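> Fold the following.
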Amino acid sequence: MPIAGRMAAQDIRATIQALARQAGVSLAALSRMLGRNDAYLQQYVQRGSPRVLAEGDRRQLAAFFGVPEMRLGGAADAGPLLVPRLAVAASAGPGATVDDDVMVGVEAIDRRLARRLGLREGAASVIRVRGDSMAPGLMDGDHLVVDQDDVRPTAKGGLYVIRIGEALMVKRVRLMPQGMVATSDNPAAPPVPDGPIRVIGRIVWQMRLPG
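Numbers count the residues shown, from 1 in each chain. The predicted structure is shown next:
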């Protein structure tokens, strides 16, 4: 597939050679850093094999050299990931599901951070915390980034936005032999309501204004 709007293959290979010389590191050492055999980058630079660097290899090399991925053939930065901010507060009180709610704005998340968090376009949202049932980790007014692709808690557990009946809340959810169990971090919080747990998504990032 042609790389429209990107560097030509020979320019990418020349750039890698130049960056390696500037960094004083051999192509063999860089290949080992990538988990490849010693000849991997040498063959790419001299013979064009493989024809295109794997995305993970390109990203790791760009991070090592401290250069934008564009210099190694990556696409131009598409700008931040725009995540809808919803008019809903998750707590131990009544609420509504995220997908039923109304967007009141957007939050811009850096693309590199979004990749690190595993966020997919169209499958993330931002909600606000109400109450102190998850204090001290989560406080009233915190804004949380929700990964709506992650709806399967494990035995280790994690922070999830869930719905029990008509209540939308943020709880620590674990998968136990008897099924999913939701708990509050604050021991003074009211008991979690009984009922089937519907997982809306996992909390992957927390935003808080300085006090």
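> May I have the residues that are in contact with residue 59?
When contacts are counted by C-beta atoms under 8 Å, 6 or more residues apart in numbering, residue 59 is found next to 69, 74. Where you see a C-beta, it was placed from the backbone N, CA and C, and this is true even at glycine.
> Over to residue 147?
Counting by C-beta under 8 Å, 6+ apart, residue 147 makes contact with 117, 118, 119, 123, 124, 201, 202, 203, 204.
> and if we set it to 7 Å?
With contact taken as C-beta atoms under 7 Å, 6 or more residues apart in numbering, residue 147 is in contact with 117, 118, 119, 123, 124, 201, 202, 204.
> Point out the ones among those that are inside helices.
Helix and strand membership here follows DSSP state H; of the contacts of residue 147, those in helices are residue 117.
> Which among the contacts of residue 147 count as buried?
If you count burial by 16 or more other C-beta atoms under 10 Å, the buried members of those come out as 117, 119, 124, 201, 202, 204.
> coming back round to it: can you flag which of the contacts of residue 147 belong to strands?
The strands, defined by DSSP state E, take in 124, 201, 202, 204 from these.
> Just give me the closest of these to residue 152.
The shortest approach to residue 152 among the ones in strands among the contacts of residue 147 belongs to residue 202, at 9.0 Å (C-beta to C-beta).
> Report the separation between that closest one and residue 159.
When distances are taken as C-beta to C-beta, to the nearest Å, residue 202 and residue 159 turn out to be 7 Å apart.
> Looking at the contacts of residue 147, which is nearest residue 186?
The shortest distance between residue 186 and any of the contacts of residue 147, using C-beta to C-beta, involves residue 202 and amounts to 19.7 Å.
> For that closest one, give the beta-bridge partners.
residue 147, residue 160 (DSSP bridges).
> residues making contact with the helix or strand hosting residue 17?
Here residue 17 is covered by helix 9-23, with elements defined by DSSP states H and E. With C-beta under 7 Å, 6+ apart as the test, helix 9-23 has contacts from 26-27, 30, 41, 44-45, 48, 61, 65, 67, 71-73.
> That helix: what's the following helix or strand?
On the C-terminal side of helix 9-23, the nearest following helix or strand under DSSP H and E is helix 27-33.
> which helices and strands does that next one pack with?
Contacts of helix 27-33 with other secondary structure elements, assessed using 3 or more C-beta pairs under 7 Å, 6 or more residues apart in numbering; DSSP states H and E, are made with helix 40-47.
> Contacts for the helix it packs on, please.
13, 16, 17, 27, 28, 30, 31, 34, 49, 50, 53.
> quick revisit: quick one: buried ones out of the contacts of helix 9-23?
Of the members of those, the ones counted as buried by neighbours, 16+ other C-beta under 10 Å, are 27, 30, 41, 44, 45, 61, 65, 71, 72, 73.
> sorry, back to before: which pair of the buried ones among the contacts of residue 147 spans the longest distance?
Taking C-beta to C-beta as the measure, those reach their widest spread between 117 and 201, a distance of 11.8 Å.
> Find the nearest non-adjacent residue to the most centrally placed residue in the chain, please.
Centroid check for the chain by C-alpha atoms, centre = their mean gives residue 117 as the closest residue, at 1.5 Å. Closest residue to residue 117 apart from its sequence neighbours, by C-beta to C-beta, 6 or more residues apart in numbering: residue 204 at 4.5 Å.
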